[in-house]
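A.B. asks: Turn this into a model:
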Amino acid sequence: MTEPPILLDGARALEYAILDEEAHGIVDGVAIGSEAVSRLVIAENLVEAGVFLMHCNDEWSTVIGESYADAQSARIAAGEAYRGGRIEWIRFRELTPEEAREVETTRAFLREITAEYPPG
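C.D. replies: Numbering: from 1, shown residues only. This is a model prediction of the structure:
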């Protein structure tokens, strides 16, 4: 699979990148090798404004997730975290009508749950 799922941990994929094998990362002070994280996803937070930068393994499972105000901030953070290779971001394709409905259904559900059970 070359692209991530549309919905990844309750967030909508907007952009993704496959890291070079030489790329080594440091996230929150922890060294991350390509065997643990080989893909990145910038995903829309479906509950509130902002995006997530998701550090994923080769099966698009999230290893680490971070929250940012916007995609540009997430791209900059990824560039600072991973050295040794260039990160080429790929815009996620247009959604089909069925996929767009799935995203909106998920958005409504997550917002309802968050309103009923606020964090904190």
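A.B. asks: Could you use CA atoms for every contact and neighbour count after this?
C.D. replies: OK.
A.B. asks: Local confidence estimate at Pro118?
C.D. replies: Per-residue pLDDT puts Pro118 at 85.
A.B. asks: Likewise for Gly33?
C.D. replies: Looking at Gly33, its pLDDT reads 67.
A.B. asks: Quick one: distance of stretch 89-106 to the chain centre.
C.D. replies: 14 Å (CA atoms, centre = their mean, to the nearest Å).
A.B. asks: For it, list every residue counted as buried.
C.D. replies: The neighbour-count check on stretch 89-106 (16 or more other CA atoms under 10 Å) flags Trp89, Phe92, Val103, Thr106 as buried.
A.B. asks: which ones among the residues you listed are found in helices?
C.D. replies: Of the buried residues of stretch 89-106, the ones assigned to helices by DSSP state H are Val103, Thr106.
A.B. asks: ok, of the buried residues of stretch 89-106, which one's closest to Ile26?
C.D. replies: Closest approach between the buried residues of stretch 89-106 and Ile26, by CA to CA: Trp89, at 19.0 Å.
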